[in-house]
Each structure stands twice: as C-alpha cells, then as structure tokens.
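Engineer: Make a model of this:
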Amino acid sequence: MKKHALAALFCALPAYAPFSYSGALEEVTLEKIKSVEVGEPKSPPLKRWTIAVYMNGKSNIEPFALADLNRFETAGSDDNVNIVAEIGRSKGLDNDTQADGDWSGVRRYYVRKDGDKERIASDLVAELGNPDMGDWKEAASFLKWAKEVYPAQRYMFIIWDHGWGWIDPQKPGENLLDGGDKSISHDFVSGNYIKTTELSKIFRQAGRVDLYASMACFMQMAEVAYEIRDYADVIAGSEEVIQLPSFNFEDFFTLMLGNPDSDAEKAGVFLVDTFREMYARPEYQEMLVATKYGTQLSAIRGAGLNKFGELIKKISETLKKYPDTAALARAKTEVLRFEVGDESTDPDKLISFYADICHFLELVEKHSDKSLPGYPELKSLTGEFRTFLDGELVIKNVYSNKDRTGKDYSNTHGISMHVPGKPGNLIGYYPTYGSLAFEKATRWSETVKYLETVE
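Structural biologist: Numbers count the residues shown, from 1 in each chain. Below you'll find the model as predicted:
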C-alpha cells in the first residue's frame with residue numbers, strides 16, 4: 001500500500017481450536033462395539049484450499065486491516081475452504097483506531113462467516129504477543145503453521161500491507177514512527193520490513209504455494225516476481241498503487257467457496273476479475289477520477305518467468321547498443337509510469353522509475369527510424385516478447401481508467417520493470433539491485449545505465 005491522503009493503499013507455537021461435540025449421546029452396546037470395523041484410524045479428508053492472509057496492520061493502515069478482516073467474514077470458511085489470518089496492530093501510530101476493543105499485538109484467526117462488519121467474530125486461535133511482522137521469519141512461521149494446522153490440497157498465501165516494489169528503502173532512523181510507508185510488510189514499531197531478496201526465504205522455510213498474491217502497491221514487477229518464480233504456480237499483484245478498498249475479498253472468497261475444485265489459475269482469474277468488477281462500480285469510478293488514479297491487477301505464471309528473463313536478457317543486449325536515441329527518449333517520455341511520487345514531487349510523472357516494460361518496448365519500436373541498424377532485431381524481439389506475454393506468461397490482466405497525466409491503463413500488459421525516467425530524487429533506497437536474482441539473470445542494470453544517458 002502507499003498512502004496518498006489515505007485515498008490510496010498498499011503502495012509462535014501452533015494453536016488448535018478447541019474440540020466440541022453437540023450431538024446426542026447414544027447407548028453403547030456390545031452389538032454396536034462389534035459392528036465397528038477394526039483398523040487404522042482414518043483422518044478427515046483434506047479440504048480443497050487453505051487461504052492464509054498475512055495482515056501487517058502495525059502501521060498507519062491499521063483501520064483498513066481490521067476492516068478487511070471483517071470483509072473476510074462475509075464469506076468465512078466452510079467444509080471445503082479454510083481462511084486464516086495473522087493480523088497485527090499497534091497503539092499510538094497515525095490512524096490508530098479503537099475499533100474491535102482496541103487490542104494491540106499480533107493474533108491469528110480462523111475466519112468464520114459473520115454479518116457484523118464492525119466486530120471481528122472469527123475464532124481467535126492464537127495470541128502471539130508482539131512479534132516483528134517486518135521479519136520474513138514471522139511470515140514464514142505463519143504460513144508453515146497454516147499448512148500444518150489446516151492442511152489442504154492447495155494453498156494460497158497473501159501478504160497484505162504497504163508495498164514499494166523491488167527497492168529496499170533507507171530507514172529514517174531506528175523505526176518508522178514518523179510515518180514512512182515503503183517496501184513490503186512494514187512494521188512501524190520495529191522499523192523493519194521484508195526485503196525483496198527475503199521473499200524467497202519465506203517459501204524455502206514454509207514450502208511453496210499454488211497461488212501467491214501481494215495486496216500491496218507496485219509488487220507485480222519482474223524484479224519481485226522473479227525472486228519467487230519457483231515457489232508459486234501463480235503470482236498475482238499490481239503494477240500500480242492499489243486503491244481503497246483493496247481486493248474484492250467478499251466476491252473472491254464467495255467464488256472460492258462456490259468453486260472449491262478450482263486450480264491456481266482459475267483462482268487467480270477469480271481474484272483479478274472480482275477486482276475489476278469492484279472498481280467498475282460507480283462509487284469507485286468516481287473515486288478514481290477524483291484522486292486521478294487508474295487501477296491494474298494481473299495474474300502470471302511463475303513457471304514462465306525463466307523464459308521472461310531469457311527474453312529480457314536478449315532485449316537488454318539489443319537496447320544498450322541501440323543507435324536510435326531519439327526513439328528511446330520518446331519512449332521514456334510516453335511510457336505508462338506508476339505513481340512512485342505524487343503531484344508535488346513528480347508533477348509530470350516522468351521521474352518515476354517503474355513502468356510497463358511491454359509498453360516501453362512497443363513505443364521504442366513505434367518511434368524508431370526503420371532504416372537504422374538494429375531496428376529489425378528490436379522489432380522481432382518486441383513481437384516475440386508481446387506474444388510470450390499474451391500467450392504464456394500472463395493469465396489475466398485487468399485495468400481501469402487513466403492516470404493523472406492522461407495515460408490510459410489499457411497500456412498495461414501485466415508486469416512492470418525498472419525503467420529510468422528523468423533525473424530526480426523521489427525516495428532514498430539502498431543500492432541492492434545487483435543482489436536481485438532477476439539482475440543476475442539478465443544484467444538489466446546495464447541497459448538502465450544506458451537509458452539514463454538518453455535524453
């Protein structure tokens with residue numbers, strides 16, 4: 001999540017639910033005892049899905065974490081689908097709320113259906129004290145717990161919080177109590193967050209999942225998704241800021257309950273389609289226009305990211321020696337960029353360094369001098385890349401509206417990358433790009449450096 005006057009967002013030991021029995025007691029007779037087949041005790045059948053949501057509300061978005069957990073309860077778990085959540089909240093931060101008893105710390109819930117949207121009525125299955133939710137090991141502990149206590153045929157894992165794409169932002173001091181809202185899973189109490197290179201550690205410790213989703217801004221980047229390509233069949237997220245009211249949890253969970261045999265790809269389609277439907281409603285369209293935002297969400301195949309990296313490596317080799325600097329400069333200006341800054345820090349939205357990579361390549365081809373050397377190779381690679389995105393990598397991409405500069409979100413293709421804009425300082429971050437698995441596979445930073453020289 002990313003805070004823009006609160007109009008936009010998302011830029012322990014296992015505990016077991018107590019056993020209860022409500023049936024009528026029957027008289028036990030010798031005949032009944034003899035009628036019982038002797039053998040190994042049978043385990044209950046596995047449910048189809050366990051959906052685990054890691055909700056770090058220990059920040060200035062605490063009210064929205066509580067509100068979303070209440071939204072989960074409009075559907076609740078059933079005989080086929082488990083919905084579990086780990087949620088944290090604190091006292092004394094911006095937007096601190098007294099809702100739901102004003103408790104603080106970190107809890108785990110087994111989500112039950114409930115109609116009261118002001119009070120969490122789900123089963124409280126663990127009180128964890130106040131662990132650091134910005135520590136990847138806490139996220140891994142939750143996912144591992146969810147799998148062990150609520151085993152299922154398929155698993156979905158959601159990280160719910162502010163997001164900041166691939167960058168590891170510099171911390172303003174020892175903690176984030178001054179309101180910083182950067183990277184992913186930011187614990188404003190500890191000042192810690194989960195770094196991009198730590199995402200894979202979650203799954204190496206807790207095991208892979210069928211579907212992973214970032215309910216956080218900017219996380220559908222190649223640099224992020226590539227880190228977890230081996231740990232999720234489907235990866236869902238947004239190239240842009242995610243607005244209020246986050247995902248369409250009510251309809252998504254309802255579809256999952258109604259279609260429990262869905263595989264990861266169908267579940268990913270449910271997630272993005274319900275997202276699109278929600279933001280198409282008149283009240284949310286009015287909100288997007290008023291705040292000058294568009295929306296986007298996509299689901300991609302983790303298995304396709306290796307080929308994505310191979311294609312980007314070829315494209316990088318072509319671009320860093322491409323002679324038509326005028327075409328590159330024009331593409332840098334016209335490409336759809338995402339809201340790293342705001343109207344005061346990046347008034348023309350040209351400094352932002354997150355952009356839709358397919359749109360950028362198509363603009364370079366469009367504006368190129370066709371007679372110059374290198375154009376045929378670029379044209380061929382761009383066509384191959386677009387065909388690969390549409391046919392292999394991207395399962396579903398949805399979008400709505402225009403940004404504040406008039407650029408249409410139909411120019412999104414489902415995955416973004418670091419594409420340098422004009423010089424400017426929107427945020428301080430550590431020079432960790434070289435540590436990313438994506439960079440090691442593609443050497444994209446070499447193209448970034450070349451593009452930075454193009455004006």
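Engineer: Tell me the buried residues in stretch 208-219?
Structural biologist: Neighbour counts over stretch 208-219 (16 or more other C-beta atoms under 10 Å) mark Val209, Asp210, Leu211, Tyr212, Ala213, Ser214, Met215, Ala216, Cys217, Phe218, Met219 as buried. Bear in mind the C-beta positions are built from the backbone N, C-alpha and C, glycine included.
Engineer: Please tell me how far that stretch is from the chain's geometric centre.
Structural biologist: Offset of stretch 208-219 from its chain centre (C-alpha atoms, centre = their mean, to the nearest Å): 4 Å.
Engineer: End to end on it, go ahead and measure it.
Structural biologist: For stretch 208-219, the separation between the terminal residues is 18 Å (C-alpha to C-alpha, to the nearest Å).
Engineer: cool, and stretch 74-85?
Structural biologist: Stretch 74-85 has its terminal residues 14 Å apart, counting by C-alpha to C-alpha.
Engineer: where does the chain dip in pLDDT?
Structural biologist: Counting by pLDDT under 70, the chain shows low-confidence ranges at 1-44, 171-183.
Engineer: Tell me how the protein divides into domains.
Structural biologist: Listed by automatic domain parsing, the domain ranges of the chain are 45-303, 305-393+404-452.
Engineer: Spell out the secondary structure type for Cys217.
Structural biologist: Put simply, Cys217 is coil when judged by DSSP: H, G, I helix; E, B strand; the rest coil.
Engineer: that older thread, hey, which of the domains of the chain is tucked in deepest?
Structural biologist: Neighbour counts averaged per stretch over those are highest for domain 45-303, at a mean of 21; criterion: mean count of other C-beta atoms under 10 Å.
Engineer: measure that one end to end?
Structural biologist: 29 Å.
Engineer: before we move on, back to that, which of the buried residues of stretch 208-219 lies at the shortest distance from Phe203?
Structural biologist: Val209 (7.0 Å; C-beta to C-beta).
Engineer: separation between the closest one and Ser104?
Structural biologist: Going from Val209 to Ser104 by C-beta to C-beta, to the nearest Å gives 29 Å.
Engineer: Quick check: the gap between Asp273 and Ala236.
Structural biologist: 11 Å.
Engineer: Hmm, I typed the wrong one, I wanted Ile194.
Structural biologist: 17 Å.
Engineer: Repeat that for Gly129.
Structural biologist: For Gly129, the distance to Ala236 - C-beta to C-beta - is 31 Å.
Engineer: Which secondary structure state does Ile158 sit in?
Structural biologist: Ile158 ends up strand, using three-state DSSP.
Engineer: ok, it touching Asp68?
Structural biologist: No. The pair Ile158 / Asp68 is not scored as a contact, 10.2 Å apart, by C-beta atoms under 8 Å.
Engineer: Helix or strand: which one has the residue minimising distance to the centre of the chain?
Structural biologist: The centroid of the chain falls nearest to Ser214 when counting by C-alpha atoms, centre = their mean (1.2 Å). Using DSSP states H and E, Ser214 sits within strand 209-215.
Engineer: Quick one: end-to-end distance for stretch 434-450.
Structural biologist: OK, stretch 434-450 end separation, C-alpha to C-alpha: 16 Å.
Engineer: Same check on stretch 73-88?
Structural biologist: 17 Å.
Engineer: To which secondary structure element is the nearest residue in space to Ser416 that is not next to it in sequence assigned?
Structural biologist: Nearest non-adjacent residue to Ser416, counting by C-beta to C-beta, 6 or more residues apart in numbering: Glu239, 4.1 Å away. Assessed by DSSP H and E, Glu239 sits outside every helix and strand.
Engineer: Show the backbone phi and psi for Glu239.
Structural biologist: Dihedral pair for Glu239: phi -70, psi -20, per degrees, to the nearest 10.
Engineer: Relative to Lys292, how far out is it?
Structural biologist: 17 Å.
Engineer: again, but for Ser246
Structural biologist: For Ser246, the distance to Lys292 (C-beta to C-beta) stands at 19 Å.
Engineer: and what of Ser185?
Structural biologist: 28 Å.
Engineer: And Lys449, by the same measure?
Structural biologist: Per C-beta to C-beta, Lys449 is found 32 Å from Lys292.
Engineer: Leu361 now?
Structural biologist: From Leu361 to Lys292 the distance is 26 Å (C-beta to C-beta).
Engineer: and what of Pro420?
Structural biologist: 23 Å.
Engineer: again, but for Val189
Structural biologist: Counting by C-beta to C-beta, the gap from Val189 to Lys292 is 32 Å.
Engineer: One more: Val84?
Structural biologist: Applying C-beta to C-beta to Val84 and Lys292 gives a distance of 37 Å.
Engineer: Check Thr254 too.
Structural biologist: 31 Å.
Engineer: Check Trp145 too.
Structural biologist: As judged by C-beta to C-beta, Trp145 and Lys292 stand 41 Å apart.
Engineer: And Val53, by the same measure?
Structural biologist: 30 Å.
Engineer: Quick check, Thr254 in contact with Ala75.
Structural biologist: Yes. Using C-beta under 8 Å, Thr254 is in contact with Ala75, at 5.0 Å.
Engineer: mind listing the strands in the stretch 1-150 of the chain by residue range?
Structural biologist: With DSSP state E, counting those that start in this stretch as the criterion, the stretch 1-150 of the chain has strands at 8-9, 47-56, 81-89, 105-110, 123-127.
Engineer: Put together a markdown table for these, with distance to Thr432 on each row.
Structural biologist: Below are the strands of the stretch 1-150 of the chain laid out as a markdown table (distance: least, C-beta to C-beta, whole Å):
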| stretch | distance to Thr432 |
| --- | --- |
| strand 8-9 | 25 |
| strand 47-56 | 21 |
| strand 81-89 | 26 |
| strand 105-110 | 28 |
| strand 123-127 | 34 |
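Engineer: Looking at those strands, which is nearest to Phe385?
Structural biologist: Of all these, it is strand 8-9 that lies closest to Phe385, at 30.0 Å by C-beta to C-beta.
Engineer: List the contacts of the nearest residue to Glu127 once chain neighbours are set aside.
Structural biologist: The shortest distance from Glu127 to any non-neighbouring residue, by C-beta to C-beta, 6+ apart, is to Arg107 (5.8 Å). Arg107 makes contacts with Glu86, Ile87, Gly88, Leu124, Ala126, Glu127, Leu128, as judged by C-beta atoms under 8 Å, 6 or more residues apart in numbering.
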